[in-house]
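# Attaching a predicted model along with its sequence, questions to come.
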Amino acid sequence: YRAYIEYYPVESRGVSMERSFLINGELPFAGSDALTFTRRWADATAVITDNQGNDRRPTQVEIPEWSSAYFKDYMGYYTDPYEYYFKAGANTIALDCINEPMAIRKISIVPVKDALTYEEYLAACPKVSGGEDHFDKVPGEASTARSAQSLYARSDHASANTEPYSVTESKLNYGGGEQWRIAGQWMEWEFTVPADGFYNLTVKSRQSYNRGRVSNRAIYIDGAIPFEEMSAVAFPYSTDWVNVALADDEGNPYDIYLTAGTHTLRMEVTMGELGNILNELQDSVIRMNDMYRTILVYTGAVPDKNRDYDLDKVYPEVMEAMDIEYKRLYKIIDEYVAYTGELSGDIANVQKLAKQMEIFMKKPEKISKQFATFKSNISSTNSSYSCRRSTKCTITIIYSNTSACSINSLISLRINNTIIRISYFSP
């Protein structure tokens with residue numbers, strides 16, 4: 001089952017609420033002890049322009065309201081909500097407060113349901129015959145709500161591709177950026193469509209922070225992810241502003257059904273498929289640390305380089321584990337490169353460690369001679385693993401519509417260095 005909560009943030013220090021979730025008096029697994037529930041922040045006033053023509057960033061204020069969320073991994077390694085096992089019959093559940101007060105209206109225990117695929121989503125949508133032409137832009141800096149005070153509008157002078165742009169004046173022209181990097185952080189915009197129908201979304205973004213990495217965002221329409229493919233939309237590394245269409249692997253835009261009126265678009269930081277890769281890397285680091293400590297008991301922190309410790313005979317189980325782990329690391333490297341598209345410096349420490357253990361398997365006597373280096377490589381791999389959790393991204397404007405159908409209307413949402421284009425068409 002999955003756990004779903006409706007909560008209201010009580011005024012306090014302004015940080016997210018944290019709780020642990022117990023079933024029948026026990027913590028079911030690690031992770032359930034660190035559930036995070038975000039607050040809502042917005043601009044206190046409209047943007048003010050001073051007498052020099054510079055935009056002044058509005059103060060951020062909390063706008064508390066009833067919100068809902070599934071219990072899920074606050075670190076973002078698992079994109080889906082947590083799944084809990086309950087025995088048939090009566091069970092007890094409890095929430096232990098870790099940080100910050102909140103009111104609770106409802107906690108629901110609901111069956112696990114597979115997310116709709118895009119094809120299933122389309123099949124369930126109403127059929128429409130057409131609609132009126134429409135084009136609109138929503139600036140990225142004009143988000144109506146956000147999960148943290150630090151996600152305020154910012155100014156970029158470096159590129160004329162932002163809007164508004166000025167060389168001499170400071171203009172707020174994007175949202176997100178360096179602060180929009182932690183799993184679970186979100187930004188939300190409102191937009192209006194004139195008629196019931198299908199729309200396309202395109203995001204113009206610049207992810208220039210993490211070379212060799214991909215930043216992922218979950219896309220929510222009116223509070224829900226419409227179909228599985230929108231749970232992790234990738235924004236690859238680029239030093240320039242690029243249009244990222246919400247589309248399939250072949251570039252065909254996803255058709256999203258919207259009714260006439262105002263809707264919300266939320267983009268939330270998530271690890272996506274990278275989370276699974278990093279989870280496996282973390283598990284491998286834990287196992288390699290176990291190997292190191294086992295050998296440490298026998299050789300000491302500074303082994304005698306003139307002594308042959310016969311580690312392959314004393315600890316055959318460690319050598320067997322090392323054989324498994326170095327092959328596992330090579331597999332992780334291959335998966336990481338396949339996902340990001342390049343062999344970056346981020347993965348260099350992992351490659352170095354895998355190569356070292358491969359040499360250890362061929363020449364066990366080198367373990368004692370390179371023991372300090374082995375420890376250093378494990379620590380470096382663990383540190384780089386922690387850094388890869390950061391997934392920054394910036395958002396801005398829409399230019400054109402790619403369509404496989406006749407387009408009757410276009411809506412552009414400009415967000416931060418993300419531009420969202422919504423195209424209305426007759427299928």
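Nice, I can see it.

# Under the pLDDT cut-off, which ranges of the stretch 51-200 of the chain? List them.
129-135 (pLDDT under 70).

# any chance you could map the strands in the stretch 51-200 of the chain?
55-56, 60-62, 67-70, 93-99, 102-110, 137-138, 145-146, 154-155, 172-177, 186-193, 197-199 (DSSP state E, counting those that start in this stretch).

# which of these sits most buried?
Neighbour counts (mean count of other C-beta atoms under 10 Å) averaged over each of the strands of the stretch 51-200 of the chain peak at strand 172-177, with a mean of 26. Heads up, the C-betas are built off the backbone N, CA and C, glycines and all.

# ok, it: who's next to it in the sheet?
Take DSSP bridges as the rule and strand 172-177 pairs in its sheet with strand 154-155 (antiparallel), strand 393-395 (antiparallel).

# How far off centre is the shortest one?
The chain centroid and the centroid of strand 154-155 are separated by 22 Å, computed with C-alpha atoms, centre = their mean, to the nearest Å.

# Check stretch 193-204 too.
Counting by C-alpha atoms, centre = their mean, stretch 193-204 comes out at 23 Å from the chain centroid.

# Leaving aside the residues adjacent along the chain, what's closest to Ala183?
Gly76 (2.4 Å; C-beta to C-beta, 6 or more residues apart in numbering).

# Tell me the confidence at the spatially most central residue of the chain?
Central residue of the chain (C-alpha atoms, centre = their mean): Thr270, 1.5 Å from the mean position. With respect to pLDDT, Thr270 scores 90.

# bridging residues for it?
According to DSSP bridges, beta-bridge pairing links Thr270 with Asn216.

# What of Ala145?
Under the criterion used (DSSP bridges), Ala145 bridges to Glu188.

# Identify the residues contacting it.
Contact partners of Ala145, counting by C-beta atoms under 8 Å, 6 or more residues apart in numbering, are 40-42, 63, 187-188.

# what about it, distance to Ile225?
Here Ala145 is placed at a distance of 17 Å from Ile225 (C-beta to C-beta, to the nearest Å).

# which one of the contacts of Ala145 is nearest Thr168?
Minimum distance to Thr168 across these is 28.2 Å, recorded for Met187 (C-beta to C-beta).

# and that closest one, what is it in contact with?
Counting by C-beta under 8 Å, 6+ apart, Met187 has contacts 143, 145-147, 151, 175-176, 180, 266-267, 415-416.

# Distance-wise, check it relative to Val112.
Per C-beta to C-beta, Met187 is found 28 Å from Val112.

# what's the answer for Lys137, then?
On the measure of C-beta to C-beta, Lys137 and Val112 end up 39 Å apart.

# so which of the strands of the stretch 51-200 of the chain comes closest to Asn289?
Among the strands of the stretch 51-200 of the chain, if distance is taken as C-beta to C-beta, the winner is strand 93-99, at 26.9 Å.

# Quick check: can you name the pairing partners of the closest one and their directions?
Assessed with DSSP bridges, strand 93-99 is paired to strand 17-23 (antiparallel).

# After the partner strand, which helix or strand is next?
strand 35-37 (DSSP states H and E).

# Can you spell out which helices and strands pack onto that following strand?
strand 2-9, strand 17-23 (3 or more C-beta pairs under 8 Å, 6 or more residues apart in numbering; DSSP states H and E).

# cutoff 6 Å now
Judged by 3 or more C-beta pairs under 6 Å, 6 or more residues apart in numbering; DSSP states H and E, the packing partners of strand 35-37 are strand 17-23.

# So for the strand it packs on, mean pLDDT?
The model assigns strand 17-23 a mean pLDDT of 97.

# Now it: buried residues?
17-19, 21-23 (16 or more other C-beta atoms under 10 Å).

# Which pair of these spans the longest distance?
That would be Met17 and Ile23, which, of these, are the farthest apart (C-beta to C-beta) at 19.8 Å.

# quick one on the thing from earlier: relative to Thr59, which of the buried residues of strand 17-23 is nearest.
For these, the nearest to Thr59 is Met17 (22.4 Å; C-beta to C-beta).

# which ones are touching the closest one?
Contact analysis of Met17 by C-beta atoms under 6 Å, 6 or more residues apart in numbering lists 37, 100, 102.

# and the next element down the chain from the lengthiest helix in the chain?
In terms of residue count, the longest helix belonging to the chain (DSSP state H) is helix 273-299. Downstream of helix 273-299, the first helix or strand assigned by DSSP H and E is helix 311-314.

# what mean pLDDT does that next one have?
Mean pLDDT, computed over helix 311-314, is 93.

# Tell me which helix or strand comes right after it.
helix 316-340.

# how big is the angle separating that next one from helix 273-299?
Helix 316-340 runs at 160 degrees relative to helix 273-299, counting by axes from the mean of the first three to the mean of the last three C-alpha atoms, to 10 degrees.

# Now tell me what touches helix 316-340 from outside.
Applying C-beta under 6 Å, 6+ apart, the contact partners of helix 316-340 are 212-214, 273, 277, 280-281, 284, 287-288, 291, 294, 312, 343, 347, 350-351, 354, 357-358, 361.

# just stretch 83-92 next, same as before
Counting by C-beta under 6 Å, 6+ apart, 1, 24, 28, 112 sit against stretch 83-92.

# No more questions from me, cheers.
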